[in-house]
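Peer 1: Need coordinates for the following:
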Amino acid sequence: MYKKYLPAFIVMAALVMPSIAQAIPAFSKKYEAPCSMCHTSWPRLNDVGVKFKLNGYQMPDSEDGGESGKVSPADNLFLDIGSANPPVSLRLEGGLILIQPGEGPDKSQGDKFFCCVEGNAVTLDAGGTVAPNISYWLSLPWGKEGVQQGYLRFVNLFKPGLLGVDIGSMKVVDYDAVPAGREWFGSPLIAFYGSPYNNNSKEIGLTAAHYDTGLRLYGRPKYGPFTYEFGVYTGAQITSSQDDDSDLAFTAMGRVDKGKISVSLRYWGNTSGKIDQKATSSSGAALLFPANSKSADEKTQEFILSARYVHPYFAVDFTLDRTSFSVGDRQVTTDGITHSFSQEGINRMAMSLGAIWYVNSWFETGLAYGFSQYEGYTQTIDDEIFKMGNKDVGLLQLRAQIRPTMNMTFGLEFQMDTSSASARKRPDGSGFSSQNKIVLQWDLAI
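Peer 2: Numbers count the residues shown, from 1 in each chain. Here you go, the predicted structure:
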């Protein structure tokens, strides 16, 4: 029972001590500042970076529309130093899977799980100020699965740091101590996703760690230790012109930063009508019970606890995610026969723990472990009960990364799949092998 926790204890036990290098490069151009002013290990933000973002891409303690003075440029940041307004950057991400299993969860995509970008993907990032305390962010990806961001930001309403407003398409889990999308390791955090073999899986409902369109209210009063956030979203992960369902999602988050430690707790509640339910009858017939966007009957509740400790020589991240999902009873008529569907609520507990060692200004190494555990539940199809067993998914990662310049990385990562055989099943019931891999990745932002 405790075997899945053992790698986590190994990560903690390995924390022994061995300068740090690493705003998009356009922000570095604009302010003539090194990346390390806002980042620990890019793209992870330090406290200055968080304040810079919350302040609408204005320097902390300023409300001048981003016109504050320059900072000394970095010696090893090779960009065209000078004005960059509006700040626009291009990010190139690439990967090459050196060793991989012969097949994966999807027989036509055996090389995509647990991660990674293979080949190249480019993202255009643009962000800046349009007036004092009014800013924007735009992110447009090409060449990979991804969703664009585009939102307006209004900050320092009433008093410095007291109230900010974001409106548009954005990351939901963004201001947490451990946010989504800023992973140092090659794979997205196992804790955030219901099925790490498919990060877009909706088996556990429409959860928080995705992009969505909505309205976010937040603040860090006087830019002190406490950050709060309240948000309302479509809940359907909509980022462009798409049909929505009849309900909304709500979230609330509180965060405390004290010295080297940051801790946050988030609640996410979503009522949706977007997830079709697939089932198999006792006769073996495949059945589809479609969602009804006009009558939302899916409920997802999620609690995310995250913590980060940042030391000059190492950093530790911890994330715990508890999610529950339920769906209403459904019926469908096929060839004149009416079929019924009902399902018990699904509960999932997941955890990710990672440590990074900053060996010197150009070399970093890290160790991480994550697991996602489903509790067993039952489905009732046409009055027949089917038991769905537990699913235990786990991933152990070991990574070494070099940083020739502040805005460029090359990483070599070993990924060990620790999932149970019951979790490695395709929809047709056939199994697939453990997804152990060695991956070479590169990342450049200009």
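
Peer 1: Quick check: which helices or strands does the helix or strand where residue 170 lies pack against?
Peer 2: Using DSSP states H and E, residue 170 maps to strand 164-171. Counting contacts by 3 or more C-beta pairs under 8 Å, 6 or more residues apart in numbering; DSSP states H and E, strand 164-171 packs against strand 149-154, strand 211-219. Glycine gets a C-beta too; all of them are placed from N, C-alpha and C.

Peer 1: Could you tell me the least trusted of the ones you listed?
Peer 2: The minimum mean pLDDT among these belongs to strand 149-154 (a mean of 90).

Peer 1: helices and strands around that one, which ones?
Peer 2: strand 134-142, strand 164-171.

Peer 1: rerun that using 10 Å as the cut-off
Peer 2: Secondary-structure packing of strand 149-154 (3 or more C-beta pairs under 10 Å, 6 or more residues apart in numbering; DSSP states H and E): strand 119-131, strand 134-142, strand 164-171, strand 211-219.

Peer 1: Mean pLDDT lowest where, among the ones you listed?
Peer 2: Set side by side, the helices and strands packed on strand 149-154 give their lowest mean pLDDT on strand 119-131, at a mean of 79.

Peer 1: Now that one - C-alpha only, PDB.
Peer 2: Taking C-alpha atoms only, strand 119-131 is exported to PDB below (Å, rounded to 0.1, in the frame of the first residue of the first chain):
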ATOM      1  CA  GLY A 119      10.300  18.000 -33.100                       C
ATOM      2  CA  ASN A 120       9.800  21.700 -32.600                       C
ATOM      3  CA  ALA A 121       7.000  24.000 -31.400                       C
ATOM      4  CA  VAL A 122       7.100  27.800 -31.400                       C
ATOM      5  CA  THR A 123       5.100  30.100 -29.200                       C
ATOM      6  CA  LEU A 124       4.800  33.900 -29.600                       C
ATOM      7  CA  ASP A 125       4.500  35.700 -26.200                       C
ATOM      8  CA  ALA A 126       3.700  39.400 -26.000                       C
ATOM      9  CA  GLY A 127       2.900  41.300 -22.900                       C
ATOM     10  CA  GLY A 128       3.300  44.800 -21.600                       C
ATOM     11  CA  THR A 129       1.500  48.000 -20.500                       C
ATOM     12  CA  VAL A 130      -0.900  50.200 -22.500                       C
ATOM     13  CA  ALA A 131      -1.200  52.800 -19.800                       C
END
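
Peer 1: so that strand versus strand 149-154, what angle?
Peer 2: With axes from the mean of the first three to the mean of the last three C-alpha atoms, to 10 degrees as the basis, strand 119-131 and strand 149-154 are set at 20 degrees to each other.

Peer 1: how far does strand 119-131 sit from the chain's center?
Peer 2: 18 Å (C-alpha atoms, centre = their mean, to the nearest Å).

Peer 1: hang on, the earlier thing: of all the residues in the strand holding residue 170, which ones are buried?
Peer 2: Across strand 164-171, burial judged by 16 or more other C-beta atoms under 10 Å covers 164, 166, 168, 169, 170, 171.

Peer 1: How about the contacts made by the fourth one?
Peer 2: By C-beta atoms under 10 Å, 6 or more residues apart in numbering, the residues touching residue 169 are 137-139, 147-151, 211-214, 233-234, 237-240.

Peer 1: picking that back up, please produce CSV containing the helices and strands packed on strand 149-154, extended by distance to residue 288.
Peer 2: Formatted as CSV, the helices and strands packed on strand 149-154 follow (distance: least, C-beta to C-beta, whole Å):
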stretch, distance to residue 288
strand 119-131, 32
strand 134-142, 31
strand 164-171, 29
strand 211-219, 25
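
Peer 1: who wins for proximity to residue 36 among these?
Peer 2: Taking C-beta to C-beta, strand 119-131 is the member of those nearest to residue 36, at 18.6 Å.

Peer 1: Please name every helix or strand in contact with the closest one.
Peer 2: Using 3+ C-beta pairs under 10 Å, 6+ apart as the test, strand 119-131 ends up in contact with helix 25-31, strand 88-99, strand 134-142, strand 149-154, strand 437-445.

Peer 1: Quick one: work out the angle between it and strand 437-445.
Peer 2: Using the same axes, to 10 degrees: strand 119-131 against strand 437-445 is 40 degrees.

Peer 1: Buried residues of strand 119-131, list them for me.
Peer 2: Quick answer for strand 119-131 (16+ other C-beta under 10 Å): 121, 123, 125, 126, 127, 128, 129.

Peer 1: Please convert those residues to TSV, extending it with distance to residue 411.
Peer 2: Converted to TSV, the buried residues of strand 119-131 look like this (distance: C-beta to C-beta, whole Å):
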residue	distance to residue 411
121	15
123	18
125	20
126	26
127	25
128	29
129	33
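
Peer 1: sorry, back to before: could you dump the helices and strands packed on strand 164-171 to JSON lines with distance to residue 437 and mean neighbour count?
Peer 2: Below are the helices and strands packed on strand 164-171 laid out as JSON lines (distance: least, C-beta to C-beta, whole Å; neighbours: other C-beta atoms under 10 Å):
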{"stretch": "strand 149-154", "distance to residue 437": "29", "mean neighbour count": "19"}
{"stretch": "strand 211-219", "distance to residue 437": "26", "mean neighbour count": "20"}
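
Peer 1: Could you take those strands and lay them out as TSV, with extra columns for distance to residue 53?
Peer 2: Below are these laid out as TSV (distance: least, C-beta to C-beta, whole Å):
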stretch	distance to residue 53
strand 149-154	9
strand 211-219	10
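
Peer 1: Test my guess that residue 135 contacts residue 55.
Peer 2: Yes. Using C-beta atoms under 10 Å, residue 135 is in contact with residue 55, at 8.7 Å.

Peer 1: shared neighbours, the two?
Peer 2: Counting by C-beta under 10 Å, 6+ apart, the residues touching both residue 135 and residue 55 are 66, 129, 153, 155, 164.
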